[in-house]
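Asks: Give me the fold of what follows.
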Amino acid sequence: MVYVPVAGTIDGIGRIQCVEVAAAELVITTHFGSAADIDLAYADLGSYLAEHHMHVADQIREHYLCDQSDTSDETRWQTEIAWPILTR
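Replies: Model (predicted):
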């Protein structure tokens, strides 16, 4: 699933659907560099959640702050990884 922010509503086209992403409490980390080792950022975030007894509530979100559409320099790429958590 890919989230792309849009203003207003958009009619679905083929497999593309417009949905509203619900507000959530998030635990966030930012991965710097190519996606080749993004699994390490996920592992660090997962460890943080486990250490703090937090539970994932919904689908993980990735926000591409800087990617190949911005620059071919992989060292400048930034991906924000956000896990919605259950709150009491």
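Asks: The lowest-mean-pLDDT helix or strand in the chain: partners in the sheet, and parallel or antiparallel?
Replies: Here the helix or strand of the chain ranked lowest by mean pLDDT, DSSP states H and E is strand 61-66, holding a mean of 92. If you go by DSSP bridges, strand 61-66 pairs up with strand 78-84 (antiparallel).
Asks: Which residue ranges of the chain form helices?
Replies: 38-51 (DSSP state H).
Asks: Low-confidence ranges, it, go.
Replies: 1-3, 88 (pLDDT under 70).
Asks: ok, back up a step: show me which residues of the least confident helix or strand of the chain are buried.
Replies: Of all the residues in strand 61-66, those buried under the rule 16 or more other Cβ atoms under 10 Å are 61-62, 64. Quick note: C-beta positions are derived from backbone N, CA and C, even for glycine.
Asks: How far away from the center of its chain is that strand?
Replies: 6 Å (Cα atoms, centre = their mean, to the nearest Å).
Asks: same question, stretch 40-51
Replies: Worked out by Cα atoms, centre = their mean, stretch 40-51 lies 14 Å from the chain centre.
Asks: List the buried residues for that stretch?
Replies: 41, 45.
Asks: Need the residues that contact that stretch.
Replies: 27, 29-31, 54-56, 79, 81, 83, 85 (Cβ atoms under 8 Å, 6 or more residues apart in numbering).
Asks: Next up, the contacts around residue 85.
Replies: By Cβ under 8 Å, 6+ apart, the neighbours of residue 85 are 24-27, 49, 54-57.
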